[in-house]
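> build me a structure from this.
(chains A and B)
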Amino acid sequence: MLALMISQLLVITCFGQLYMTKTGQSSFFSETPLENIAAVNNQVIVILNTANGEIAIKMPQRGFHFPNKLMEEHFNENYMETEKYPSAVFAGKIKESVDYSKDGNYAVNVDGILDMHGVKQNRSFKGQITIAGGQITLTSAFDIKLTDHKIEVPTLVLAKIAESIAVKNKFVLTPKKA
Amino acid sequence: MLKRLFVIGMILTSSAAFAQNDLLKELDQVQDSVVNYSAATFKGTRIINGHSVETVGKNNLDFIISHRFGAVNSGAQNFFGLDESQIRLALEYGLTDRLMIGVGRSSYQKTLDFFAKYRLLKQSTGARNMPVSVTLFASDAHNSTTSSTELPFYTIMQRQTYTFQALIARKFNDKLSLQLSPTVIHRNLAENQIDANTIYSLGMGGRYKLTKRTSFNVEYWYTPKTFAGTTQRDPRFTNTLSLGFDIETGGHVFQLHLTNSRGMIEKQFIGQTTGKWNNGDIFYGFNISRTFSFDKNRKRKSNAY
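From the prediction side, this is the model:
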């Protein structure tokens, strides 16, 4: 019991506080005159360290679900090769200092490394942080170019898949239980 | 107790400098709730002649055109078989992501076939572990050739042949998938005097991916001459061996193969194959499948957040 209390204390003093979610939502959208492709993932894991603004995101690729089973199969088999690369991982830091103890809205920039389809890319994303009622909500929208991550599209379906894919995220973080 | 406290204290203070790597480690400790279903154990709903564990997705319609040309050993006069062909046209529809139904018409024996296929188990890892995929298959084939003295049909029931299969497959890695297909076929009228009404057979098949979109497939149907002491099949009928390639492009799957069977449905390629590979009774053939999606939401823009 004492150990638990001390460790709790240490966690707070050393790390500030870790906030996390296992049910973060990400969606992507590819729009071309021929075909629109959309998929949603509700199983994104996010951990934020409020002491230093560091953030880590793990997106299990199999968590992306498509309205069409064949598209989902092609996404897994031909494009993302999810057997080889099961998740996309982002590790970064929020540049602005945010007072996480107060409710409010902040526009933030995040710098970090996105590791997707076996290719690491330095990226900086714009996002929005909303703090309300002990919850931290992170939203952001950005584009990912397929060629940046060596995701090959055969010429036959080139007209059906956009060159850059619009990604939207919404992560609602709550304090991580030690 | 004190010792344990000390250890815990040590661990915690040592991680006071909480670096990015630690956050990533923390991330790895989180059990993700994703069930990793094995996608695409096979490219199509057929390995070559026989069904694979795959089913068509919900609201998707597969139009399959299958051809088997004449025997390669039929000589130059017959352009090595390319002068003639057997054809099967089929429409196959996914009612749900697990259940599909289909109807096909084969020119060989003028046979109409109806089938249903249900995906019972999906191979998966992660939050749910399942080593194999299992799909159940049932079909009825209706032989609509004109009744003759060699093969007289007196009732419609005599024209029916039923097939039941349990398709069991495992995707070992992203390249190799293997399948076993225990099969029971019941013919209301054995179309040959020596044939038993019910025959038991075991299908073995597999694919090895050569590139992301092509694979090499093999399929063999083993039917023992006798089963539980009774003769199953006229000895002139042979086991079917087929070799082929799958080529996938978007919504199309092209399957090109060589087989010693002219028939493209279970009743024919399991029970009534007469070709022998070593005699050159080899038929060149292909299946072309085109998937059409009838999903109403497909064109709607994603308005999630």
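> up against chain A, what does the stretch 101-250 of chain B have?
Residues of the stretch 101-250 of chain B that fall close to chain A, judged by Cβ under 8 Å from any Cβ of the partner chain: B:Gly126, B:Asn173, B:Asp174, B:Lys212, B:Arg213, B:Glu248, B:Thr249, B:Gly250. C-beta: built from backbone N, CA, C; applies to glycine.
> wait, the fifth one sits on B:Glu248?
In this case it means B:Arg213. Yes: with contact defined as Cβ atoms under 8 Å, B:Arg213 reaches B:Glu248; the gap is 4.7 Å.
> neighbour-wise, which of these two wins?
Each of B:Arg213 and B:Glu248 has its neighbours counted (other Cβ atoms under 10 Å in any protein chain shown); B:Glu248 has more, 23 against 18.
> okay, that one: pLDDT?
On pLDDT, B:Glu248 comes in at 89.
> ok, whatever residue of chain A ends up closest to chain B - contacts?
Relative to chain B, the nearest point of chain A is A:Lys69 (2.7 Å; Cβ to the nearest Cβ). Residues in contact with A:Lys69 (Cβ atoms under 8 Å, 6 or more residues apart in numbering or on different chains) are B:Gly57, B:Lys58, B:Asn60, B:Gly94, B:Asp97.
> burial count for the residue of the stretch 1-150 of chain B at minimum distance from chain A?
Scanning the stretch 1-150 of chain B for the residue nearest chain A gives B:Gly57, at 2.7 Å (criterion: Cβ to the nearest Cβ). Other residues within reach of B:Gly57, judged by other Cβ under 10 Å, total 23.
> now it, what are its backbone angles?
Note on B:Gly57: backbone dihedrals following degrees, to the nearest 10 are phi -70, psi 170.
> distance check, it against B:Asn129.
Distance of B:Gly57 to B:Asn129, given as Cβ to Cβ, to the nearest Å: 24 Å.
> need the residues touching each of B:Arg213 and B:Glu248.
Residues touching both B:Arg213 and B:Glu248 by Cβ under 8 Å, 6+ apart: A:Asn78.
> ok so, going back, and the contacts of A:Lys69, which two are furthest apart?
Within those, B:Asn60 and B:Asp97 form the most distant pair, 9.4 Å apart (Cβ to Cβ).
> so which of those two has more stuff around it?
In this view B:Asn60 and B:Asp97 are compared by other Cβ under 10 Å, and B:Asn60 has more residues nearby, 21 against 16.
> tell me the centre residue of chain B?
The structure's chain B has its C-alpha centroid closest to B:Ser52; by Cα atoms, centre = their mean the separation is 1.3 Å.
> could you do chain A as well?
Compute the mean C-alpha point of chain A, and by Cα atoms, centre = their mean the closest residue is A:Ile57, 5.0 Å away.
> who does that residue bridge with?
For A:Ile57, the beta-bridge partners are A:Val46, A:Phe90 (DSSP bridges).
> put the buried members of the residues of the stretch 101-250 of chain B next to chain A into a ChimeraX selection.
The ChimeraX selection below is limited to those of these classed as buried (16 or more other Cβ atoms under 10 Å in any protein chain shown):
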select /B:174,213,248,250
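> show the pLDDT at the nearest residue to B:Thr55 once chain neighbours are set aside.
Leaving aside its chain neighbours, B:Thr55 sits nearest to B:Met100 (4.5 Å; criterion: Cβ to Cβ, 6 or more residues apart in numbering or on different chains). On the pLDDT scale, B:Met100 is placed at 97.
> give the contact list for the closest residue in space to B:Lys43 that isn't next to it in sequence.
Excluding the flanking residues, the one nearest B:Lys43 by Cβ to Cβ, 6+ apart is B:Asp246, at 4.4 Å. By Cβ under 8 Å, 6+ apart, the contact set of B:Asp246 is B:Phe42, B:Lys43, B:Gly44, B:Arg207, B:Thr214, B:Ser215, B:Asn217, B:Val253, B:Phe254, B:Gln255.
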